[in-house]
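> I would like to see how this sequence folds:
(chains A and B)
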Amino acid sequence: MALPEDPEDLSPGTAAERTRLAWERTAIAFGAVGLAMLREEPVAGALVLAATPLIWALGRYVSSAAPPEQRSRRLLLVTVAVTGVAVVAVVAAFVGHGLTRFR
Amino acid sequence: MVREDFRRPGGGATSSQHGHPDGEPGAPGPAAVPGAEEEPDARFTLANERTFLAWNRTALALVVAGLGIVQLLPPFPGVPWGRHALGVPLIVLGAAVSVTAYWEWRRTQTALRRSAPIPQSVLPRILVLTITGVAALSAVVLLVSAVR
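So this is what the prediction gives:
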């Protein structure tokens, strides 16, 4: 039997599994950023850590059968969360611990 | 392992109908009607989603790198603004990468639905330009710090 060029044609389920793993890696990345921030900025770090289970839950319930609008909303939520982390980081850099060293 | 039905009701699209693996993913398949939209093969949708997530992890890494520079590096002697000048652009780049990744995800998804060619990503260019700029600025800050 000739093998297909794309291994996913042999086992299409791996695409969904790899996507779920990618969501989990993203949630772990959120957790790592939150832990890193916790040391210098406890409030900001706690906020970012709080987003970790949310990202994990978003990925956990992602399915290829989800309607496109729902999928788009989930990804928009991730974008909002990452942008929020960036805003918190800029504020922490200027107003938080960073400002005392800046002076 | 979770198995999912990758075919869409009404569409019945498979990877080969969208030109893959015989051609590039997203290339028009033999049955594609120009301008017509249909939900693409779920494998393409999932691959697009993984790319979006990978860019967002890159964005988070940029944010944490910028914050690390501002908060963890010792001050540059004679250059009090040095750490902020290096760290804040990386944080802003992180936000920009995340927003652009979402925009590109939408653009790619639309192209897949229309069986049109996948648009080229602008993110690598943004990343290269900003990181090169920050690297050059780092060299300037270090030189100024060494001179003072």
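
> show me what contacts the closest residue to A:Val88 other than its chain neighbours?
Closest residue in space to A:Val88, ignoring its immediate chain neighbours: A:Ala44 at 4.6 Å, by C-beta to C-beta, 6 or more residues apart in numbering or on different chains. C-beta coordinates here come from the backbone N, C-alpha and C atoms, glycine included. Counting by C-beta atoms under 8 Å, 6 or more residues apart in numbering or on different chains, A:Ala44 touches A:Met37, A:Val88, A:Ala89, A:Val91, A:Ala92, A:Gly96.

> and of those residues, the nearest to chain B?
The shortest approach to chain B among the contacts of A:Ala44 belongs to A:Ala89, at 4.6 Å (C-beta to the nearest C-beta).

> may I ask which helix or strand encompasses the closest one?
Assigned by DSSP states H and E, A:Ala89 belongs to helix A:68-94.

> distance between that helix and the chain's centre?
Relative to the centre of its chain, helix A:68-94 is centred 9 Å away, using C-alpha atoms, centre = their mean, to the nearest Å.

> what is it packed up against?
Taking 3 or more C-beta pairs under 8 Å, 6 or more residues apart in numbering or on different chains; DSSP states H and E as contact, the helices and strands that helix A:68-94 lies on are helix A:13-40, helix A:42-60, helix B:42-72, helix B:82-113.

> OK, contacts around the residue nearest the centre of chain B?
For chain B, the residue nearest the mean C-alpha position is B:Trp55 (3.7 Å; C-alpha atoms, centre = their mean). Residues near B:Trp55 by C-beta under 8 Å, 6+ apart: B:Val97, B:Ser98, B:Thr100, B:Ala101, B:Glu104, B:Leu123.

> from B:Ala135, how far off is it?
21 Å (C-beta to C-beta, to the nearest Å).

> ignoring the adjacent residues along the chain, who's closest to the residue nearest to the spatial centre of chain A?
For chain A, the residue sitting closest to the mean C-alpha position, by C-alpha atoms, centre = their mean, is A:Thr26 at 3.7 Å. Counting by C-beta to C-beta, 6+ apart, A:Thr26 lies nearest to B:Leu53, which is 4.9 Å off, once chain neighbours are set aside.

> go ahead and confirm the one you found touches A:Ala22.
Yes - in terms of C-beta atoms under 8 Å, B:Leu53 counts as a neighbour of A:Ala22; the distance is 4.5 Å.

> quick one: which of the two has more around it?
Neighbour count, other C-beta atoms under 10 Å in any protein chain shown: between B:Leu53 and A:Ala22, B:Leu53 has more, with 25 against 21.
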